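> below: sequence and its predicted model.
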Amino acid sequence: MKHSLVRTVAALAGSAILTLGAIGSAKAFTFDETEISQDRVIVVAQPRPFGGYQLLILEQVSDKRQCWSESGSNPVKVDPLLVTFDFTGICGRATDSNGFSIRMAGTDLALKYTLTLETVDGNVLLMGTPVDYQGKSVIIGRTNGDVNEFMKITLDPAWRLSKRAYQGRTLGHFYFTTNQPAPGDIGNTGGNTGGNTGGNTGCNTAGNTAGNTGCNTEAIPQPTPQPIPQPIPQPIPQPIPQQPIPQQPIPQQPIPQPIPQEIPIP
């Protein structure tokens, strides 16, 4: 079934699933992870109306209705069926950093990496990019083609999806997980304790920067962002005041006087 792109994007642009909302940030928490069935989730490159792609995760929560369908290959096209019905309790979705983050070698790197989709040589790559641009980006998955439609992102062999857990309870937050450590220049500054409001952003435990040593994950250099030049404002021309045109007096015409008539004398 085909759907209007704009309508579908608008339907999927809501907020991500919340996880720990009532937990205060003043306390420290340790988050674990729970393995999930990989055939119940799909990672999708969702086209934006004005170009580029947005990362989207869909989950089949129950079997009441099918949440998506797949067709073709290189790339695999995805039809997000959940936008055609009320999917509450049937399908899950995550659309931004509140709903997913990176976990490498047991360390939550939500404050160290941001997840982005980059188009490179006709392929859309899912990448973890250091937020400070000082480390190396890691490639997590790819679409194996580009057709400017909803496309499945196939995770690289070292990666899988899991979910965040707290005190034995599985939360709605997804992890892009690998057993390999983060690139060495990310540093080893922790990431297992701290304060995280809502359990959606932050490291394994909040208030912390995360990292490990080693570099067993495919990585590519991250370019330093260049400043965007600002246009030089041009002066607005002012109108030249007009000089008043002197008015010439209109000559007055003499009023004709009646000629006196002689009265004849009888």
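Right, received. Where do you want to start? Residues are numbered from 1 along each chain as shown.
> wait, a strand at residue 134?
No. Checked against DSSP: H, G, I helix; E, B strand; the rest coil, residue 134 lies outside a strand; its state is coil.
> ramachandran coordinates for it?
Dihedral pair for residue 134: phi -90, psi -20, per degrees, to the nearest 10.
> any chance you could map the helices in the stretch 1-150 of the chain?
Assignment of helices within the stretch 1-150 of the chain using DSSP state H, counting those that start in this stretch yields the ranges 5-11.
> low-confidence ranges in it?
Counting by pLDDT under 70, the ranges of the stretch 1-150 of the chain that qualify are 1-29.
> please repeat the previous calculation with a cut-off of 50.
For the stretch 1-150 of the chain, the stretches with pLDDT under 50 are 1-3, 5-6, 9-11, 13-28.
> residues contacting residue 118?
124, 125, 127 (CB atoms under 8 Å, 6 or more residues apart in numbering). In this view, the C-beta of every residue, glycine as well, is placed from N, C-alpha and C.
> just list whatever residues bridge to it.
On the basis of DSSP bridges, residue 118 is bridged to residue 125.
> gap between it and residue 44?
Using CB to CB, to the nearest Å, we find residue 118 at a distance of 16 Å from residue 44.
> okay if I get the contacts of residue 118 as CSV plus neighbour count and distance to residue 101?
Listed next are the contacts of residue 118 as CSV, based on neighbours: other CB atoms under 10 Å; distance: CB to CB, whole Å:
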residue, neighbour count, distance to residue 101
124, 24, 20
125, 20, 18
127, 22, 14
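> tabulate these (TSV), appending distance to residue 58.
Putting the contacts of residue 118 into TSV (distance: CB to CB, whole Å) gives the following:
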residue	distance to residue 58
124	17
125	20
127	20
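> pick the one among those closest to residue 84.
The closest of these to residue 84 turns out to be residue 124 (CB to CB; 24.8 Å).
> okay, now the residue lying closest to that closest one once chain neighbours are set aside: neighbour count?
The shortest distance from residue 124 to any non-neighbouring residue, by CB to CB, 6 or more residues apart in numbering, is to residue 143 (4.2 Å). Around residue 143 sit 25 other residues, with neighbours defined as other CB atoms under 10 Å.
> show me the contacts for residue 143.
Applying CB under 8 Å, 6+ apart, we find residue 143 in contact with 45, 75, 76, 123, 124, 151, 152, 153, 154.
> check whether the fifth one really touches residue 148, as I assumed.
To tie it back to what came earlier, the one meant is residue 124. No. The pair formed by residue 124 and residue 148 falls short of the contact definition of CB atoms under 8 Å, at 9.8 Å.
> residue boundaries of the strands in the stretch 51-200 of the chain?
53-60, 69-71, 77-79, 91-94, 100-104, 107-108, 113-120, 123-130, 137-142, 151-152, 154-155, 159-166, 169-178 (DSSP state E, counting those that start in this stretch).
> mind listing what the last one pairs with, with the direction of each?
What that stands for is strand 169-178. In its sheet, strand 169-178 lies beside strand 100-104 (parallel), strand 159-166 (antiparallel), with partners assigned from DSSP bridges.
> and the ones you listed: which comes nearest residue 184?
Within the strands paired with strand 169-178, the stretch nearest residue 184 is strand 100-104; the backing value is 11.9 Å (CB to CB).
> relative to strand 123-130, how tilted is that closest one?
Orientation of strand 100-104 against strand 123-130 (axes from the mean of the first three to the mean of the last three CA atoms, to 10 degrees) gives an angle of 70 degrees.
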